[in-house]
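Enquirer: Sharing a model that was predicted from the sequence below.
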Amino acid sequence: MVTVVHPNLEDTDAKMQARDVSVYYGDKKAIDEVSIDIPTKYVTAFIGPSGCGKSTFLRTLNRMNDTIPSARVEGLIELDGADIYRSGMDVVQLRARVGMVFQKPNPFPKSIYENIAYGPRIHGLAEGKDELDAIVEKSLQRAGLWQEVKDRLQDSGTALSGGQQQRLCIARAIAVDPEVILMDEPCSALDPIATAKIEELIDELNGSYAIVIVTHSMQQAARVSQRTAFFHLGKMVEYGRTSDIFTTPLEKRTQDYITGRYG
Amino acid sequence: MSPAILLLLALGLGLAGWLAARARAWSFRRAKPGIKLAALPSYHAWYVALWIAVPVLLFVSLWTVISPGLITQSVLADAAASNLPSFGFQRQMILNEARNVATGAAPAVFNPDAAALVDPYRAAIARYQWIGLAVTLAIAFMTGVWAFLRLKPDFTARTRVERAVMGILLAASLIAILTTLGIVVSLVVETIRFFGMVSPLDFLFGTHWGPDPMANPEVPDGSRYGAIPLFWGTIFIGAIIAMIVAIPLGLMSAIYLTQYATPRLRAWLKPALEILAGVPTVVYGYFAALTVAPAIRDLGFSLGMSNPSSESALAAGLVMGVMIIPFVSSMADDSIAAVPQAMRDGSLAMGATTNETIRRVLVPAALPGIVAGVMLAISRAIGETMIVVMAASTAANLSANPLEAMTTVTVQIVAMLTGEGSFDHPATLSAFALGFVLFLVTLGLNFIALRVVKRYREAYD
């Protein structure tokens, strides 16, 4: 079965391209021949019921699935036209270019400063202390956290509230200046106010980074994304502009899902 | 009648009560078919059985303690005891001999004074046996009947048995705690006796150790009881050499097992490593004394030492370090595995390598648990006896050269207690003072380790 792609999806330059990607966990096929272009300048949302494979697919984009021994990926995924699964691909470099924010905020049990400085340090992005300070400040500012934490950069990152922790994790991802940011249900552990702040932040980051967000909330997808892909049972059912998907879905399953008939 | 027979009696009576109570509970049900008992018949049975067995057991243990005193009292009240020496060693000897003959532990009397007391002893023993038996039966009967009469269809035997079980469990844990207290008290008492003869300052800060068990105990020579060389030997072997071996190897094996090994390999390697912890320490002792120590002496020759000691601190420390590896590695393994997967994912997603993730995120996050493991390992190492008894020497040397012979606190405890000195000689008593210091140090280390582990748990749960 082929994915339905909306016809009026104008050609934009694609940051990442997936072609016929299938993912197996052992013998079980979790993703079935998904093909999609991730645009450079937009936010792309993956929606779908639990267990539909959207998070699994997201994790193939920076090869986080490599950490699961039984996972196996088939098909082609390209970043700027280069296959990221080719032999000799430096996974470490890939993940510096394709950052990730997780479902549950996972700051390291270190100070706020050290959380942000972690990435620049391991990738050698800063020449000295001043440069590192500048990166930390810039990242926290971009994540909208600077005003709240500038006087307590040495406090533990785990002492922040859940929403602040998640923005800290976004700042941490930004600090290595990635090209793509993958967000795996970044608001599912947060309250509505913290969620609103994260969505605002995604809006601000939109355009600077290619952003892919997995979400359970269709309102969130409608609010923050310009492209939406609907996943169901490991397949990508429909893909198009967010406005089109939510107003004129072409597939019955998409329509059933966004109108809340199941999922 | 020996306590063992009284115990069997208690169990037998308990069983009888159990059967009777269960039959009674069933009879409630038969008398009124359809009636709902508040507890299963077996709970009624256990209720009565406990009410018989527990009081009897308490009485028997009390009786075992006090009856010998009562028997002696009654023998002394006998006319035949009037010409005993009024006090002291001889009087005790005669009484012991008479008792041994009366109970059949000794074949015949040797001392004529004792012969006269054998019969009074026999009579007293027999009398108190009967008293003990009668009281046992009376207690069993009274408490058993009382409990039995309480049984009714709506009697809440179940909750009462539950409470009794809790009480029994509490008693079990109290026994362990009380034993520890008893050990501490006996240690402290002997230590105080020792410090009555030798100044604590000489003991704790003196640098010469060479107690002479044959010296006159009335004028102990404090300068021979300086324990600093022992403390140093213990720390050098147990906390320095052993840890230099155990910390890196234990930590690295834990990291390999948790982060790199495939599940199948881990399933083999981890138990194999834990076998090390199951090897009896005396076997490590052979290994240290027969294999490692000679090898180190040969090494000493090859390094140009004129007369290297065949018993070196290095041999004991190395083998002890190997013995400790499983302690360090299993604690480190647990605490690294307890660091949430999200931390690891977070670091890998930043583009860190596995090695960077381990060094910069996992080990720092697991550090409290690792430190606690190391401290437990140190307290285990400095309390270790067999390896050092076999591989280290008894010569107290204050030296930083690992190839030299050294001795430890535990070795000296063994040497002093098995030496020729009489029990109240300061040389013998010094073993208790050493044991007490060792106890305080390991207690402190364990305490700190537990505190560290506790704080660590708060961070992640």
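Expert: Received it, and whenever you're ready, just let me know what you need. Numbering: from 1, shown residues only, chains lettered A, B, ... in the order given.

Enquirer: what's the burial count for residue B:449?
Expert: Around residue B:449 there are 22 other residues, counting by other CB atoms under 10 Å in any protein chain shown. The way it works is simple: take the backbone N, C-alpha and C, and place the C-beta from them, glycine included.

Enquirer: Please look at it and residue B:375 and confirm they touch.
Expert: Yes. Look at residue B:449 against residue B:375 with CB atoms under 8 Å: they come within range, at 3.9 Å.

Enquirer: Make sure residue A:66 is actually in contact with residue A:94.
Expert: No. Residue A:66 is not in contact with residue A:94 according to CB under 8 Å; the separation is 10.0 Å.

Enquirer: Those two: which has the busier surroundings?
Expert: Between residue A:66 and residue A:94, counting by other CB under 10 Å, residue A:94 is the more crowded of the two (18 against 15).

Enquirer: In terms of helices and strands, where is that one?
Expert: helix A:91-97 (DSSP states H and E).

Enquirer: name the helices or strands packed onto the helix or strand that that helix is followed by?
Expert: Using DSSP H and E, the next helix or strand after helix A:91-97 towards the C-terminus is strand A:98-101. Contact here means 3 or more CB pairs under 8 Å, 6 or more residues apart in numbering or on different chains; DSSP states H and E; on that basis strand A:98-101 packs against helix A:162-175, strand A:180-184, helix B:341-349.

Enquirer: Now mean neighbour count too, for the ones you listed, in TSV please.
Expert: As requested, these are arranged in TSV below (neighbours: other CB atoms under 10 Å in any protein chain shown):
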stretch	mean neighbour count
helix A:162-175	25
strand A:180-184	25
helix B:341-349	21
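
Enquirer: Switch the ones you listed over to JSON lines; also include mean pLDDT and distance to residue A:232.
Expert: Below are those laid out as JSON lines (pLDDT from 0 to 100; distance: least, CB to CB, whole Å):
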{"stretch": "helix A:162-175", "mean pLDDT": "93", "distance to residue A:232": "27"}
{"stretch": "strand A:180-184", "mean pLDDT": "95", "distance to residue A:232": "18"}
{"stretch": "helix B:341-349", "mean pLDDT": "91", "distance to residue A:232": "26"}
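
Enquirer: Export the ones you listed to JSON lines and append columns for distance to residue B:211.
Expert: Shown next, in JSON lines, are the helices and strands packed on strand A:98-101 (distance: least, CB to CB, whole Å):
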{"stretch": "helix A:162-175", "distance to residue B:211": "62"}
{"stretch": "strand A:180-184", "distance to residue B:211": "70"}
{"stretch": "helix B:341-349", "distance to residue B:211": "54"}
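
Enquirer: Go through the ones you listed and name the closest to residue A:87.
Expert: For those, the distance to residue A:87 is smallest for helix B:341-349, at 19.6 Å, taking CB to CB.

Enquirer: Quick one: residues contacting the closest residue to residue B:292 other than its chain neighbours.
Expert: Using CB to CB, 6 or more residues apart in numbering or on different chains and skipping the chain neighbours, the partner closest in space to residue B:292 is residue B:315 (4.5 Å). Applying CB atoms under 8 Å, 6 or more residues apart in numbering or on different chains, we find residue B:315 in contact with B:288, B:289, B:292, B:293, B:296, B:391, B:392.
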